[in-house]
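Enquirer: give the three-dimensional model of this entry:
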Amino acid sequence: MARGTIRYWAAARAAAGVESEPYEAATLAEALQAARAARDATFAQVVARSSFLIDGDPVGARPHDSVILRDGAVIEVLPPFAGG
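Expert: I've put the predicted structure just below:
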């Protein structure tokens, strides 16, 4: 089980109500599931449309349960931005 930080940007930050928060999870899927469990459907919708970086590297189309997290990793939640 890894421990690290989830950082939210733009609409994800607004939906989460925080700029960042700690996580404890083995995979990206587990970290996102825990974050969704603590919030409402609006947050879940924003996360579903978002892309993710792990320590600056794009997750891309990889299944989230295959993205293994290391201790200290930073997950960036990037919702679609205007024009992008």
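
Enquirer: report the separation between the residue nearest the centre of the chain and residue 8.
Expert: For the chain, the residue nearest the mean C-alpha position is residue 77 (4.3 Å; Cα atoms, centre = their mean). Counting by Cβ to Cβ, to the nearest Å, the separation of residue 77 from residue 8 is 5 Å. (Glycine included, C-beta is placed from N, CA and C.)

Enquirer: give the intersection of the neighbour lists for the two.
Expert: By the contact definition Cβ atoms under 8 Å, 6 or more residues apart in numbering, residue 77 and residue 8 are jointly contacted by residue 16.

Enquirer: picking that back up, what residues are up against the residue nearest to the centre of the chain?
Expert: 6-9, 12, 16, 47, 50, 52.

Enquirer: helices - which of these land there?
Expert: 12, 16, 47 (DSSP state H).

Enquirer: quick one: which of the residues you listed is nearest residue 29?
Expert: Taking Cβ to Cβ as the measure, residue 47 is the one of the ones in helices among the contacts of residue 77 closest to residue 29, at 11.3 Å.

Enquirer: what residues are up against that closest one?
Expert: 12, 15, 32, 35-36, 77 are the contacts of residue 47 under Cβ under 8 Å, 6+ apart.

Enquirer: can those go into a markdown table with extra columns for distance to residue 66 and pLDDT?
Expert: As requested, those are exported to a markdown table (distance: Cβ to Cβ, whole Å; pLDDT from 0 to 100):
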| residue | distance to residue 66 | pLDDT |
| --- | --- | --- |
| 12 | 22 | 96 |
| 15 | 25 | 96 |
| 32 | 13 | 98 |
| 35 | 18 | 97 |
| 36 | 18 | 97 |
| 77 | 18 | 98 |
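
Enquirer: okay then, goodbye and thanks.
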